[in-house]
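# Predicted coordinates and the sequence they were generated for:
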Amino acid sequence: MSATSFIYTNILLYLLSPSAAKANRAEEVLRGGGRISVQVLNEMASVMRRKLSMPWHEVNDVLFLIRSICPVEPLTLEVHDRGRRVAERWGLSLYDGMIAAAALLSNCDILYSEDMQHDLLIDEQLRIQNPFFVNCNGEN
C-alpha cells in the first residue's frame, strides 16, 4: 500500500520561491500527489496577499492551479474538534492542529511540512516529514 500524503501550506508556497532548489523540491512533493485543506488555501491566500504583495488575480490563479492538482478537504466541526485535541496533545498551534486533523480524517499517513517537528508521529497514524530535512550524513 502506498502512502497517502497531505501537503502543508509552506511547502506549496515554496513553489513561488526565488530559490530554485526549494521550488524544485516543492514541485517534486506536489508531483508525488497529496491532499490539502481549506485551511491551507486560506493560509496561502493570506501569505500571497500580505507577505508577497501579490494582486488578487495572481492569488486566484495560484489557488485555482493548486485546487486542480490537490483534492481539498473541507473545514468541518469534526476537523475543528479533532484539531483542538491534536494541538493540545502535541503542542501544535491551533492552525497546525487543524491541518493535522484534516490529514488524519482523510486517512493520510504523511504530512509534508517544514514548520512541524520532522518525524513526529501523531495519533499513531500521521508522520510529519520535512522534505527539506537533511540528516548529519547529508541524506534526506
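That came through fine. Numbers count the residues shown, from 1 in each chain.

# from here on, contacts and neighbour counts on C-alpha atoms
Fine.

# where in the protein is pLDDT low?
1-3, 134-140 (pLDDT under 70).

# hmm, try it at 90
Segments of the chain classed as low confidence (criterion: pLDDT under 90) are 1-3, 115, 133-140.

# ok, which stretches of this structure are helices?
With DSSP state H applied, the chain shows helices at 9-13, 20-31, 38-50, 56-69, 77-90, 94-105, listed in chain order.

# Would you tell me which one of those is buried the most?
When you average the neighbours per residue for each of the helices of the chain (mean count of other C-alpha atoms under 10 Å), helix 94-105 leads with a mean of 23.

# Mind listing residues that contact that helix?
Counting by C-alpha atoms under 8 Å, 6 or more residues apart in numbering, helix 94-105 makes contact with 5-6, 8, 35-37, 39-40, 73-75, 79-80, 82-87, 109, 111, 125-126, all of which sit outside it.

# Same list (the helices of the chain) but as JSON lines, adding distance to residue 121.
Written out in JSON lines, the entries for the helices of the chain read as follows (distance: least, C-alpha to C-alpha, whole Å):
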{"stretch": "helix 9-13", "distance to residue 121": "19"}
{"stretch": "helix 20-31", "distance to residue 121": "19"}
{"stretch": "helix 38-50", "distance to residue 121": "20"}
{"stretch": "helix 56-69", "distance to residue 121": "26"}
{"stretch": "helix 77-90", "distance to residue 121": "10"}
{"stretch": "helix 94-105", "distance to residue 121": "11"}
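
# what's the closest of those to residue 117?
Distance to residue 117, taken as C-alpha to C-alpha, is lowest for helix 77-90 among those, at 10.1 Å.

# Let me know the angle separating that closest one from helix 94-105.
On the basis of axes from the mean of the first three to the mean of the last three C-alpha atoms, to 10 degrees, helix 77-90 is oriented at 110 degrees to helix 94-105.

# Report all helices and strands that helix 77-90 contacts.
Contact analysis of helix 77-90 by 3 or more C-alpha pairs under 8 Å, 6 or more residues apart in numbering; DSSP states H and E lists helix 94-105 as its packing neighbours.
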